[in-house]
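J.: predicted coordinates and the sequence they were generated for:
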Amino acid sequence: MWGTPVVADGVLFVSSFEVHALDIATGQRRFKTRDVAWATAVADGRVHAADGPNLHTLDAAGGAERWRSALDGWIYSLDAADGVVCAGTRGGGVQVLSAADGTELWRAGDAQQDYETPQSGPALVGGSVHYYGGGLLRAADLRTGRIRWTVPVGEDVPARPVEREGTLYVTAGTRVLALDAATGREHWRFEAPVVLFTPPALDPPAAGPAGGTRTAPGVYVADYLGTLYALDATSGRPRWRGRTASRQGAEPVVVADGSVLLASGDTVFAFDTAGGRELWRYAARGEVVGSPAVSGGLVHIGSRDRSLHTVDLATGRLRWELGTKGEITGSPVAADGRVFVGSKDRCVYALDSVYGTAIPDEQR
């Protein structure tokens with residue numbers, strides 16, 4: 001079974017026990033890891049993969065092993081950026097290593113949570129390591145581990161922070177917080193009636209009608225009942241709410257070209273970012289898997305009905321559909337005029353995003 005693909009430097013990385021590196025132009029496999037990978041991160045020309053407590057790093061171009069290290073605990077989350085790799089280990093551990101050679105830079109043991117998930121694990125955001133534990137969100141120096149600030153966020157399972165122009169946006173329990181990324185000072189908070197399930201999603205600062213007045217960016221979050229909240233990123237003031245349906249997953253809202261998309265159950269809902277008017281809804285024949293992928297005016301939707309559905313972003317009308325022999329696994333990924341998706345039929349599909357036709361000579 002394949003996870004959500006990652007595209008970097010002309011290579012498609014997909015996980016199915018091992019990590020497979022496929023050329024996005026031909027589908028030819030460049031290499032695969034020889035160890036099982038339960039957690040992966042791809043950044044700066046390196047593939048980091050963890051098998052339980054063991055972490056190893058490969059060259060992303062050719063697959064040559066660069067280094068490996070045994071960490072103190074089962075690795076449940078990995079993140080990599082700015083020359084470091086950060087691992088979350090079961091029981092509240094955080095270990096940060098040099099991405100170049102695996103040298104340990106620092107570690108911490110105060111990241112205990114009731115639920116340890118990849119979405120709530122330590123994250124490299126805005127040049128700092130952010131991690132939760134004991135009801136606190138901490139921001140630590142990438143290379144020294146020095147704590148820059150801590151903010152109480154409560155014991156509810158939090159989501160990965162998002163940073164934009166010096167502001168850190170966080171969802172935890174029923175709250176959305178906007179914090180100064182350098183100091184942790186709170187700019188604003190929004191309190192929802194029920195628990196929020198998604199990390200914040202932001203639209204570009206220049207979002208607004210073509211040729212019209214530029215509007216402040218929006219922050220979009222959704223709760224488990226399927227209520228979509230649009231907040232002003234500067235003040236936290238609610239702009240509008242959209243109603244969808246109850247949802248089980250924590251996949252984020254998707255914002256693209258003046259539309260905001262949310263998958264709930266078997267349906268994808270599209271709303272206008274400016275006023276919250278529902279633009280369309282598209283129902284598949286099974287539960288939507290992961291988040292839709294948006295590119296070139298098209299929305300690609302994976303479903304447990306064993307199909308990849310592609311609809312028009314403006315209208316929600318079906319453009320094409322690919323049926324597979326198994327349930328879609330992970331979110332689709334669109335890049336370079338193509339869409340990539342994995343299926344439980346043990347295949348990875350690379351398709352022309354406009355026509356849905358197969359790419360010649362692909363290796364599945």
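T.: That came in fine, so what should we check first?

J.: give me the residues contacting the lowest-mean-pLDDT helix or strand in the chain.
T.: Sorted by mean pLDDT, DSSP states H and E, the helices and strands of the chain end with strand 11-16, the least confident at a mean of 85. Contacting residues not belonging to strand 11-16 are listed as 1-3, 5-7, 19-24, 30, 37, 40, 42, 47, 60-61, 333, 340, 342, 346, 348, 350 [Cβ atoms under 8 Å, 6 or more residues apart in numbering]. C-beta: built from backbone N, CA, C; applies to glycine.

J.: what comes up buried for stretch 334-354?
T.: By 16 or more other Cβ atoms under 10 Å, the buried positions in stretch 334-354 come out as 334-335, 338-343, 345, 348-351, 353.

J.: in strands, which of those appear?
T.: In this view, these that belong to strands under DSSP state E are A334, A335, R338, V339, F340, V341, G342, S343, V348, Y349, A350, L351.

J.: pretty sure the second one is touching A25, no?
T.: The one in question is A335. No - under the criterion of Cβ atoms under 8 Å, A335 lies out of contact with A25, with a separation of 11.4 Å.

J.: helix, strand, or coil at T183?
T.: In three-state terms, and counting by DSSP: H, G, I helix; E, B strand; the rest coil, T183 is coil.

J.: where does the prediction get shaky in the stretch 101-250 of the chain?
T.: When residues are selected by pLDDT under 70, those of the stretch 101-250 of the chain lie in 205-215.

J.: go again with 80.
T.: 155-158, 204-216, 249 (pLDDT under 80).

J.: mind putting the ones in strands among the buried residues of stretch 334-354 into a markdown table with distance to G226 and pLDDT?
T.: A markdown table is the format used below for those (distance: Cβ to Cβ, whole Å; pLDDT from 0 to 100):
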| residue | distance to G226 | pLDDT |
| --- | --- | --- |
| A334 | 25 | 93 |
| A335 | 29 | 90 |
| R338 | 31 | 92 |
| V339 | 26 | 95 |
| F340 | 28 | 93 |
| V341 | 24 | 93 |
| G342 | 26 | 90 |
| S343 | 27 | 91 |
| V348 | 31 | 90 |
| Y349 | 29 | 92 |
| A350 | 32 | 92 |
| L351 | 29 | 93 |
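
J.: what's the closest of those to D257?
T.: Sorting those by distance to D257 puts A334 at the head of the list, at 13.2 Å, by Cβ to Cβ.

J.: contacting residues around the closest residue to that closest one other than its chain neighbours?
T.: Beyond its immediate neighbours in the sequence, the residue positioned closest to A334 (Cβ to Cβ, 6 or more residues apart in numbering) is S295, lying 3.7 Å away. With contact set as Cβ under 8 Å, 6+ apart, S295 has these partners: A334, A335, V339, S353.

J.: and S295, what pLDDT?
T.: As summarised for this prediction, S295 has a pLDDT of 94.

J.: specify the beta-bridge partners of it.
T.: With DSSP bridges as the criterion, the beta-bridge partners of S295 are L298.

J.: quickly note the distance from it to P200.
T.: Taking Cβ to Cβ, to the nearest Å as the criterion, S295 is separated from P200 by 22 Å.

J.: please apply the same query to D59.
T.: The span separating D59 from P200 equals 34 Å under the rule Cβ to Cβ.

J.: do the same with V162
T.: On the measure of Cβ to Cβ, V162 and P200 end up 5 Å apart.

J.: okay, and the common contacts of these two?
T.: Where contact means Cβ under 8 Å, 6+ apart, the residues bridging V162 and P200 through contact with each are Y169, V170.

J.: other residues contacting the host helix or strand of Q95?
T.: Under the assignment given by DSSP states H and E, the secondary-structure element containing Q95 is strand 93-98. Contact with strand 93-98 is made by 55, 69, 71-73, 83-89, 103-109, 111, 122, 129, 131, 142-143, 145, as judged by Cβ under 8 Å, 6+ apart.

J.: of these, keep whichever come out buried.
T.: The neighbour-count test (16+ other Cβ under 10 Å) marks 55, 69, 71, 73, 84-89, 105-106, 108, 111, 122, 129, 131, 142, 145 as buried among those.

J.: in helices, which of those appear?
T.: Members of those lying in helices (criterion: DSSP state H): none.

J.: so is V19 in a helix, a strand, or just coil?
T.: Per three-state DSSP, the local secondary structure of V19 is strand.

J.: is it in contact with R34, as I believe?
T.: No - using Cβ under 8 Å, V19 is not in contact with R34, being 10.0 Å away.

J.: so between these two, which is more surrounded?
T.: Each of V19 and R34 had its neighbours counted (other Cβ atoms under 10 Å), and the higher figure belongs to V19 (23 against 10).

J.: who's in contact with the more buried one?
T.: For V19, the contacting residues are F13, K32, T33, A37, T40, V47, A49, taking Cβ under 8 Å, 6+ apart as the criterion.

J.: distance of it relative to D257?
T.: The span separating V19 from D257 equals 32 Å under the rule Cβ to Cβ.

J.: re the thing from before, neighbour count, secondary structure and distance to D272 for the contacts of V19 - can I get that in TSV?
T.: Shown next, in TSV, are those (neighbours: other Cβ atoms under 10 Å; DSSP: H, G, I helix; E, B strand; the rest coil; distance: Cβ to Cβ, whole Å):
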residue	neighbour count	secondary structure	distance to D272
F13	24	strand	35
K32	19	strand	44
T33	21	coil	44
A37	24	coil	40
T40	18	strand	36
V47	27	strand	39
A49	25	strand	41
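
J.: from these, which single one is nearest D232?
T.: The nearest member of these to D232, counting by Cβ to Cβ, is T40 at 35.8 Å.

J.: for the residue nearest to A334, give its distance to S246.
T.: Noted for S295: a distance of 28 Å to S246, by Cβ to Cβ.

J.: with that, I have no additional questions.
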